[in-house]
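Trainee: Make a model of this:
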Amino acid sequence: MIVKNKILIPKRSNDYMEVRSLAIKGSDFEIGKDLAEIGMKEYGVALEKYKDAVYGRARQSYMRKNIPVLAERSRGVAEAFGLRPEDTIYDTTMLPFDGGEAACSAVYFPPSLTENNHTCVCRNLDWYTASFAEMVEVMTGIKGKSEPGTKSFSRVVAVECYPDDGCKTLQLGSHDLLNPFIDGFNEKGLFVTKLVDLQGVNTPMIPSGGGRDTGMVSPSSRRCSSTSVPPWKKLNLKYYNKESISHFMANTF
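Mentor: Here you go, the predicted model:
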């Protein structure tokens, strides 16, 4: 159930950013479906395609085993897009919009170092006031065929989720309604922020979902040599970090 869908900071003619506040309550399936419907209506969300169905099958298996909450929400996304729950053509584990990788720097102060004896986390976002297509053109020198599109991080969302079974969460970010990155924390006090670690102007940009993303870092698949194991199982490992050049910082409050 959509409890709140409100623009907190509207984008005016001379402004760069808009901030929307969302609150969703219900089962994880319902949360995924509601966010997908908002994504299609408000953000023009279109799902990314996998390079091959084997990656979709591996991703679904990985999510069921290791992140069942997201697996169930992805089923709701599939429902909203009119897909079968077991569809392996489209990546239903995210609701991407406005494109691109994101995030920058952060610092964590434990209670022992703060004046009010509370945990404090600060972060900045050194990013580009450009669309994903424009950034790719600058970084690679390859001019895209499509129009530039919406500027990166010009539509920020604060998404509150109140699942029937699980922790309440608040996530702040952009580019994906189902898993808004770059910051988030839950009712237990766990805080996670995403940090990009670009190596230079020629660092390749990759799709935010779909493709060969299976729920693991790609070099690991080269270490799977058994021909008796189905290909999708070779792609299904516990460790998750797609081919984005980034790392994470996690703390408890």
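
Trainee: tally of neighbours for residue 85?
Mentor: 15 (other CB atoms under 10 Å). All C-beta spots, glycine's among them, are computed from the backbone N, C-alpha and C.

Trainee: Okay, it and residue 123: tell me how far apart.
Mentor: The gap separating residue 85 from residue 123 is 36 Å, by CB to CB, to the nearest Å.

Trainee: swap in residue 62?
Mentor: Residue 62 is 28 Å from residue 123, where distance means CB to CB.

Trainee: higher neighbour count, the two?
Mentor: More neighbours surround residue 62 than the other of residue 62 and residue 123, with 22 against 17 (other CB under 10 Å).

Trainee: what residue is smack in the middle of this protein?
Mentor: By CA atoms, centre = their mean, the chain has its centre lying nearest to residue 179, at 4.1 Å.

Trainee: Nearest residue to that residue in space, please, no chain neighbours.
Mentor: The spatially closest residue to residue 179, leaving aside those adjacent along the chain, is residue 94, at 5.7 Å (CB to CB, 6 or more residues apart in numbering).

Trainee: same check, this time on residue 161
Mentor: In this structure, residue 161 finds its nearest non-sequential neighbour in residue 169, 4.9 Å apart by CB to CB, 6+ apart.

Trainee: What residues are bridge-paired with the one you found?
Mentor: residue 161, residue 186 (DSSP bridges).

Trainee: Surely it touches residue 189?
Mentor: No: counting by CB atoms under 8 Å, residue 189 is not a contact partner of residue 169; they are 11.7 Å apart.

Trainee: Looking at those two now, which is surrounded by more residues?
Mentor: Between residue 169 and residue 189, counted using other CB under 10 Å, residue 169 has the larger neighbour count: 18 against 10.
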